[in-house]
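[1] My questions concern the predicted model and sequence given below.
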Amino acid sequence: GAGVSQTPSNKVTEKGKYVELRCDPISGHTALYWYRQSLGQGPEFLIYFQGTGAADDSGLPNDRFFAVRPEGSVSTLKIQRTERGDSAVYLCASSLRQGARTEAFFGQGTRLTVV
Amino acid sequence: GQQLNQSPQSMFIQEGEDVSMNCTSSSIFNTWLWYKQDPGEGPVLLIALYKAGELTSNGRLTAQFGITRKDSFLNISASIPSDVGIYFCAGPTGGTSYGKLTFGQGTILTVHP
C-alpha cells in the first residue's frame, strides 16, 4: 500500500496477557517511530528505529514494552503482562530518513483495550 | 521534559467563521509543526515552520512561528464542515528530526453547518 499500515486495527486483551502490534512502514522509509496516544491527549513518543537498530527508546514506559525491526522494514511493538493502563491507541510513523525537515507519515493506529 | 500547551481545548463555531488557536512552550523549539487528526486516523501534517517570525499558508490555513520561539499560532479562515477534527501542535526533540516529536494536548474543533 501507499501509506503506513498497522495491524490489527483493534485489539482487546485480558490483563496480564502478551500482545504484539505490527507496523508496515512506507516502502523505502528507513526511519520508523512508535507513539502512544491516550484518550484526550496528544501522541507520546515511545521509540524510534533507524534501519534495524533502536536509535532512541527513551519513551518506553518500562521493561514490559519492547520493539523490534529485524529487517529494517516491518516493526513489532511487544507488550508483556499487559495492564489496564496500557489501553491506548498505538501509532506508528515512518520517514524517508531521520533528519532535518523530513516529514514522518502516521498510520491509522492500533486501538488496544486491556480488560 | 518539554511540554506544549494548546488553547483553547475545544471550539464550537459556525461554518464560515474564522478560527484561531495557539500553542505555547516553556522551552524553545527550532521547528513548529501543526497536525490534524480525524477520528480513527493518525495525525496528518498541515504546516511546518522553520524560522522565528515565519508566516506560512496552506490554502485556508495560516500558521506563524513566534518570535520568542516559544509559541505558534494556527488560523483557519472561512471554516467548512470538513475542518472538524483535533488540531495538534508539535515540535521535534532530539535535533531537527520530524519523527521524535513532542505534541500538545490538542484543540478539538467542531463546525456547525
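    Structure received.

[2] quick one: what helix or strand has the residue nearest in space to the middle of chain A in it?
    Centroid check for chain A by Cα atoms, centre = their mean gives A:Trp34 as the closest residue, at 3.2 Å. Per DSSP states H and E, A:Trp34 falls inside strand A:31-37.

[3] Packing partners of that strand?
    Applying 3 or more Cβ pairs under 8 Å, 6 or more residues apart in numbering or on different chains; DSSP states H and E, one finds that strand A:31-37 makes contact with strand A:44-50, strand A:75-79, strand A:88-95. (Glycine included, C-beta is placed from N, CA and C.)

[4] how about a cut-off of 7 Å?
    Contacts defined by 3 or more Cβ pairs under 7 Å, 6 or more residues apart in numbering or on different chains; DSSP states H and E place strand A:31-37 against strand A:44-50, strand A:88-95.

[5] Just name the most buried of those strands.
    Counting by mean count of other Cβ atoms under 10 Å in any protein chain shown, strand A:88-95 has the highest mean neighbour count of the helices and strands packed on strand A:31-37, with a mean of 24.

[6] who touches whichever helix or strand comes after it?
    Per DSSP H and E, the first helix or strand lying C-terminal to strand A:88-95 is strand A:105-106. With contact meaning Cβ atoms under 7 Å, 6 or more residues apart in numbering or on different chains, strand A:105-106 is reached by A:3-4, A:26, A:91, A:93-94, B:42-43.

[7] Redo these as JSON lines? Include distance to B:Met11 and pLDDT.
    Listed next are the contacts of strand A:105-106 as JSON lines, based on distance: Cβ to Cβ, whole Å; pLDDT from 0 to 100:
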{"residue": "A:Gly3", "distance to B:Met11": "29", "pLDDT": "94"}
{"residue": "A:Val4", "distance to B:Met11": "29", "pLDDT": "97"}
{"residue": "A:Ile26", "distance to B:Met11": "33", "pLDDT": "95"}
{"residue": "A:Leu91", "distance to B:Met11": "24", "pLDDT": "98"}
{"residue": "A:Ala93", "distance to B:Met11": "26", "pLDDT": "95"}
{"residue": "A:Ser94", "distance to B:Met11": "31", "pLDDT": "93"}
{"residue": "B:Gly42", "distance to B:Met11": "22", "pLDDT": "96"}
{"residue": "B:Pro43", "distance to B:Met11": "18", "pLDDT": "96"}
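
[8] farthest pair in those residues?
    Distances among those were taken as Cβ to Cβ; the most separated pair is A:Ile26 and B:Pro43, at 15.3 Å.

[9] that older thread, now the residue nearest to the centre of chain A: how far from A:Val19?
    A:Trp34 is 13 Å from A:Val19, where distance means Cβ to Cβ, to the nearest Å.

[10] Over to A:Ala31?
    According to Cβ to Cβ, A:Ala31 and A:Val19 sit 24 Å apart.

[11] Please say which of these two ends up with more neighbours.
    Taking other Cβ atoms under 10 Å in any protein chain shown, A:Ala31 and A:Val19 do not tie; A:Ala31 has more neighbours (23 against 18).

[12] is the more buried one in a bridge, and if so with what?
    A:Gln50, A:Ser95 (DSSP bridges).

[13] circling back to that earlier point, which residues touch the strand holding A:Trp34?
    A:23, A:25, A:43-50, A:67, A:69, A:75, A:77, A:88-95, A:97-98, A:104, B:99-100.
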